[in-house]
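Participant: dropping the sequence and predicted coords here.
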Amino acid sequence: MPSIHFPEFPQDVPTHPLLVVDYSLLLARDQTEIDRLWGAAQALGFWYLKNHGADDLAEGMFRMAAETMLLPMEEKLQYEQGDGGNSFGYKAAGANAVDATGQPDTVEFINIAKDDALAWPKQARRAYPSTVNANMPTAVTPFMKKSIEINNTLLQIFNDKLGLPHDALQKRHTLQDYSGSETRVIKNPPSPHAPLKVAIGAHTDFGTLSFLHNRLGGLQVLVPGSEDWQYVKPIPGHAICNIGDALALFSGGILRSNLHRVVQVVSPPPGAQSSFERWSLVYFTRPGNDVQLRALVEDSEVIADAVKRTPDKNFETGCTSLEWFTRRIKNQRMKNRTGPETWMNSRGTEHKVAAA
Ligand SMILES: O=C(O)CCC(=O)C(=O)O
Ligand SMILES: [Fe+2]
């Protein structure tokens with residue numbers, strides 16, 4: 001990552017505190033820590049994770065991404081994700097909408113498929129820029145393997161808490177099955193003088209679990225019951241984890257896939273952080289392509305009860321993970337935009353019109 005010394009997150013900007021979960025205690029199956037995680041996953045669906053051991057690997061990913069973003073645009077565009085709803089590859093700034101009016105996003109990112117990182121040096125899903133290839137065995141694959149290990153630990157805990165049979169969630173997220181699982185590094189340019197600018201529009205994550213590393217502020221969550229966006233402050237050594245639509249659906253709404261977005265940190269006078277490039281890194285665990293997205297009511301009484309208690313919510317999407325994922329990505333793309341309906345077609349489980 002080019003910038004090392006960032007200014008502090010401004011003192012005068014209110015933030016939403018997330019619960020800090022200690023990964024080493026989860027590994028030891030500490031019941032109190034498991035219960036704290038369970039509480040956070042239901043209330044907001046976001047929490048900090050410390051002692052995860054992935055920080056050095058994350059640095060390697062930021063270095064890889066800095067090299068990638070410096071490639072000539074012509075080269076990056078050869079690896080563009082395209083307009084068909086595929087996520088893997090490069091996305092240029094402005095290629096996605098951030099709201100129903102069709103404002104363009106400001107971030108560029110590179111998405112690398114879990115299937116390619118694990119198949120390396122064979123190609124499973126698609127080709128990548130030279131900088132990704134050069135860093136695959138030393139940085140990308142090790143980061144992904146570590147992230148998968150961490151997310152699998154969380155999944156096992158959720159599996160048991162949801163009263164599911166032993167491998168119900170695991171078998172929907174195998175290493176072998178092709179899926180939308182991927183890692184993403186995001187670069188957002190500085191814009192110190194602009195009014196609040198939305199870098200990534202309000203969304204819920206498409207998949208199961210997201211493991212996020214950011215250094216500068218900008219991430220905001222829409223806290224349930226509130227109409228105001230609140231910043232989540234980056235804390236060194238703390239990843240931010242959150243639940244996506246697939247797990248909200250599998251769990252019959254017990255686990256929450258919460259709306260979030262990324263903006264420039266603005267605090268008058270211009271927040272010092274807004275003069276810096278913002279880099280962030282995510283590993284997204286998503287179900288296998290053919291997995292049906294629906295509440296696992298036959299497998300768990302806890303889930304069946306939860307679904308019964310919320311008859312106003314629909315947990316039967318009637319589609320596979322791949323279909324869900326493709327629809328959401330495709331309809332974010334500016335090139336596919338016909339009007340506000342395109343944005344609405346890109347929405348997930350928690351979307352309300354007022355939150356757009
Ligand atoms: O950059 C961030 O802090 C969050 C990114 C994000 O929400 C996403 O890529 O889905
Ligand atoms: Fe997200």
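Facilitator: Noted; the coordinates are in hand. Residues are numbered from 1 along each chain as shown. Ligands and ions are numbered 1, 2, ... in the order given.
Participant: gap between the closest residue to residue 313 other than its chain neighbours and ligand 1?
Facilitator: Counting by CB to CB, 6 or more residues apart in numbering, residue 253 is the residue found nearest to residue 313 once chain neighbours are left out, at 5.7 Å. For the C-beta atoms, the positions are set from N, CA and C on the backbone; glycine is no exception. Noted for residue 253: a distance of 21 Å to ligand 1, by CB to the nearest ligand atom, to the nearest Å.
Participant: residue 74 falls within a helix, correct?
Facilitator: Yes - Residue 74: assigned to a helix according to DSSP: H, G, I helix; E, B strand; the rest coil.
Participant: next, count neighbours for it.
Facilitator: 7 (other CB atoms under 10 Å).
Participant: beta partners of the closest residue to ligand 1 within the stretch 251-356 of the chain?
Facilitator: With CB to the nearest ligand atom, the shortest gap between the stretch 251-356 of the chain and ligand 1 falls at residue 280, namely 3.3 Å. Legend: beta-bridge partners of residue 280 under DSSP bridges are residue 186, residue 214.
Participant: correct me if wrong: it contacts residue 210.
Facilitator: No - using CB atoms under 8 Å, residue 280 makes no contact with residue 210, being 10.9 Å away.
Participant: contacts only, for the residue nearest to residue 313.
Facilitator: Counting by CB atoms under 8 Å, 6 or more residues apart in numbering, residue 253 touches 295, 306, 307, 310, 313, 315.
Participant: ok so, going back, on the pLDDT front, check the residue of the stretch 251-356 of the chain closest to ligand 1 for me.
Facilitator: Residue 280 is assigned 96 on the pLDDT scale.
Participant: which residues of the stretch 151-300 of the chain score low on pLDDT?
Facilitator: Counting by pLDDT under 70, the stretch 151-300 of the chain has low-confidence residues at 193-194, 266-272.
Participant: where along it do the strands fall?
Facilitator: Under the criterion DSSP state E, counting those that start in this stretch, strands of the stretch 151-300 of the chain are mapped to 182-188, 198-203, 209-214, 219-222, 229-231, 239-243, 260-263, 278-285, 292-294.
Participant: can you redo those as CSV with mean neighbour count?
Facilitator: Shown next, in CSV, are these (neighbours: other CB atoms under 10 Å):
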stretch, mean neighbour count
strand 182-188, 23
strand 198-203, 21
strand 209-214, 24
strand 219-222, 23
strand 229-231, 18
strand 239-243, 25
strand 260-263, 22
strand 278-285, 25
strand 292-294, 20
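Participant: what is the burial count for the closest residue in space to residue 342 that isn't next to it in sequence?
Facilitator: Computed as CB to CB, 6+ apart, the closest residue to residue 342 that is not its neighbour in sequence is residue 331, at 5.1 Å. Look at residue 331: counted by other CB under 10 Å, it has 20 neighbours.
Participant: right, and the strands of the stretch 151-300 of the chain - which one's nearest residue 96?
Facilitator: strand 198-203 (7.5 Å; CB to CB).
Participant: and the angle for the closest one with strand 278-285?
Facilitator: Computed with axes from the mean of the first three to the mean of the last three CA atoms, to 10 degrees, the direction of strand 198-203 lies at 30 degrees from that of strand 278-285.
Participant: most proximal residue of the stretch 51-200 of the chain with respect to ligand 1?
Facilitator: For the stretch 51-200 of the chain, CB to the nearest ligand atom, closest residue to ligand 1: residue 186, 5.1 Å.
Participant: hang on, isn't that residue packed against residue 277?
Facilitator: No - look at residue 186 against residue 277 with CB under 8 Å: they stay out of range, at 10.4 Å.
Participant: ok, the nearest residue to residue 297 once chain neighbours are set aside - contacts?
Facilitator: The shortest distance from residue 297 to any residue other than its chain neighbours is 4.3 Å, reached at residue 304 (CB to CB, 6+ apart). Going by CB under 8 Å, 6+ apart, residue 304 touches 252, 295, 297, 298.
Participant: redo that, cut-off 10 Å
Facilitator: 163, 252, 295, 296, 297, 298 (CB atoms under 10 Å, 6 or more residues apart in numbering).
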